[in-house]
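Enquirer: below are the sequence and a predicted model for it; my questions follow.
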Amino acid sequence: MGERTEILVRIGVAIVSGIVLGVWRWFVIVIGFINWIYTLFAGKRMKELAEMSEVWNTQIYVFLRYMTLVSNERPFPFESLTKNFSKFKK
């Protein structure tokens, strides 16, 4: 794939991934707030909620690396998240 074609593909990826990650960000903010309140009253944090937030942090990092042409690894939802969610399976 040529450089110009790759940039056009990245524009599409930016639009879709940006929307998905933007909505996901608000979900992470809500669960972060819930984790803060829970920790305040229970005296311990919910590790699972913190780990879910870490998955989002990782995907934002992948997204920014892809959009700044540092990496060719496509971000969510174009890259499989099975590696990130495999630790949540019991």
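Expert: It's in.
Enquirer: low-confidence stretches in the protein?
Expert: For the chain, the stretches with pLDDT under 70 are 1, 76-90.
Enquirer: ranges for the helices of it?
Expert: Along the chain, counting by DSSP state H, helices occupy 3-42, 47-67, 82-85.
Enquirer: in a markdown table, list these along with distance to Glu73 and mean neighbour count.
Expert: C-beta: built from backbone N, CA, C; applies to glycine. Below are the helices of the chain laid out as a markdown table (distance: least, C-beta to C-beta, whole Å; neighbours: other C-beta atoms under 10 Å):
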| stretch | distance to Glu73 | mean neighbour count |
| --- | --- | --- |
| helix 3-42 | 11 | 13 |
| helix 47-67 | 6 | 16 |
| helix 82-85 | 11 | 12 |
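Enquirer: may I see the ones you listed organised as JSON lines, with distance to Pro75 added?
Expert: Converted to JSON lines, those look like this (distance: least, C-beta to C-beta, whole Å):
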{"stretch": "helix 3-42", "distance to Pro75": "5"}
{"stretch": "helix 47-67", "distance to Pro75": "4"}
{"stretch": "helix 82-85", "distance to Pro75": "12"}
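Enquirer: what's the closest non-adjacent residue to Pro75?
Expert: Distances taken as C-beta to C-beta, 6 or more residues apart in numbering place Phe63 nearest to Pro75, at 3.9 Å, with adjacent residues excluded.
Enquirer: would you agree that neighbour is in contact with Ser71?
Expert: No - between Phe63 and Ser71 no contact is recorded; they are 9.9 Å apart, counting by C-beta atoms under 8 Å.
Enquirer: sorry, back to before: where's the residue nearest to Pro75 relative to Glu54, distance?
Expert: 15 Å (C-beta to C-beta, to the nearest Å).
Enquirer: next: Asn72.
Expert: 23 Å.
Enquirer: then Trp26?
Expert: Distance from Trp26 to Glu54, counting by C-beta to C-beta: 17 Å.
Enquirer: same deal with Ile15?
Expert: Look at Ile15 and Glu54: by C-beta to C-beta, they are 25 Å apart.
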